[in-house]
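S.K.: give the three-dimensional model of this entry:
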Amino acid sequence: MTTLEEESNTPTRRATITRTTPPYESAHPLRNIEEFLDRVRAYMPDNYKVSYNSLTKQFMITGHDVAGWTLDGYVIPRLASGLVFAEEITEGTPTST
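M.R.: Numbering: from 1, shown residues only. Coordinates of the predicted model:
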């Protein structure tokens, strides 16, 4: 486990969940958002967190790379194994307006 000081020395990395199979939406969307967040958390190491932005209606992943627990080397592929697909957000990533 890392300390807060160690994490502050590594850049924050972000990703957005682009699609899921099956889709998380259904007749009870608020309950299913929480269930989906729990499902995603089960695939992620402690150095990454997932949240839902109700304004943009996006699921966001944020965290810091620690040893082999990296966004592109572990988190995104691990989520894909559970049919949850994410893409890293970088400075050059286009945003929808």
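S.K.: residues contacting Trp69?
M.R.: Shown in contact with Trp69 (Cβ atoms under 8 Å, 6 or more residues apart in numbering): 45, 47-48, 75. Bear in mind the C-beta positions are built from the backbone N, C-alpha and C, glycine included.
S.K.: after the strand or helix carrying Thr16, which helix or strand is next?
M.R.: For Thr16, the host element (DSSP states H and E) is strand 12-20. As assigned by DSSP H and E, the chain's next helix or strand after strand 12-20 is helix 29-41.
S.K.: what's that following helix packed up against?
M.R.: If you count contacts as 3 or more Cβ pairs under 8 Å, 6 or more residues apart in numbering; DSSP states H and E, helix 29-41 packs onto strand 48-53, strand 58-64.
S.K.: do you know the pLDDT at Leu83?
M.R.: Here, the pLDDT recorded for Leu83 equals 88.
S.K.: if we can go back for a sec, closest one of the contacts of Trp69 to Asp38?
M.R.: When those are compared for distance to Asp38 (Cβ to Cβ), Tyr48 wins out at 14.7 Å.
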